[in-house]
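# how would this look folded up:
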Amino acid sequence: MDVLIIATKNCTHSPDMSKELDDIGVEHRVVYAEDAPELCQSLSIRHSPNLVVNGEVVFRRQPNEEELRKLFNA
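Residues are numbered from 1 along each chain as shown. Purely as a prediction, here's the structure:
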C-alpha cells in the first residue's frame, strides 16, 4: 500500500497526521507540494494536508484518528 501525506512545507497539520499514522502502524511518506507540483496538479490538490492512498486522494483535510483507524482497519 502506498500512503502519502501531501502538504505544504509550512502546514501545521501534517506533522500531527504523520504521528497519528505512526501511532496506528501505517507506513507513509510525506511529499511537499512545493517539491511535486505535477503530482499536485494531477490530483487537483489545492489545500493542505491531503492523504493519498494508492494514488487516490482519500482526505483533503486532516482526518481524525477514528477516521484513520476505520480507513486502515487498525
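
# quick one: mean pLDDT for the stretch of helix or strand residue 38 belongs to?
Taking DSSP states H and E as the definition, one finds residue 38 inside helix 37-42. The average pLDDT for helix 37-42 rounds to 97.

# what's the following helix or strand after it?
Using DSSP H and E, the helix or strand that directly follows helix 37-42 along the chain is strand 50-53.

# longest helix in this structure, please.
Looking across the chain with DSSP state H, the single longest helix is helix 14-23.

# below-threshold pLDDT in the protein: ranges please.
In the predicted model of the chain, no residue satisfies pLDDT under 70.

# who's residue 30 bridged to?
The partner list for residue 30 in beta bridges (DSSP bridges) reads residue 5.

# okay, now it: neighbour count?
Around residue 30 sit 16 other residues, with neighbours defined as other CB atoms under 10 Å. C-betas here are computed from N, CA, C, even on glycine.

# and for residue 11?
Residue 11 has 20 neighbours, counted by other CB under 10 Å.

# mind listing what's buried in the longest helix of the chain?
Counting neighbours by 16 or more other CB atoms under 10 Å, one finds that the buried residues in helix 14-23 are 14, 17-18, 20-21.

# now swap in stretch 57-65 and tell me
59-60, 62-63.

# distance from stretch 6-19 to the middle of the chain?
Relative to its parent chain, stretch 6-19 has a centroid offset of 8 Å by CA atoms, centre = their mean, to the nearest Å.

# could you do stretch 19-32 as well?
Using CA atoms, centre = their mean, the distance from the centre of stretch 19-32 to the centre of the chain it belongs to is 8 Å.

# neighbouring contacts of it?
1, 3-9, 14, 18, 39, 65, 68-69, 72, 74 (CB atoms under 8 Å, 6 or more residues apart in numbering).

# out of those, who's nearest residue 54?
Nearest to residue 54 among the contacts of stretch 19-32 is residue 1, at 6.3 Å by CB to CB.

# how many other residues sit next to the closest one?
When counting by other CB under 10 Å, one arrives at 8 neighbours for residue 1.

# and it, how far is that from residue 66?
Residue 1 sits 19 Å away from residue 66, going by CB to CB, to the nearest Å.

# nothing else from me, thank you.
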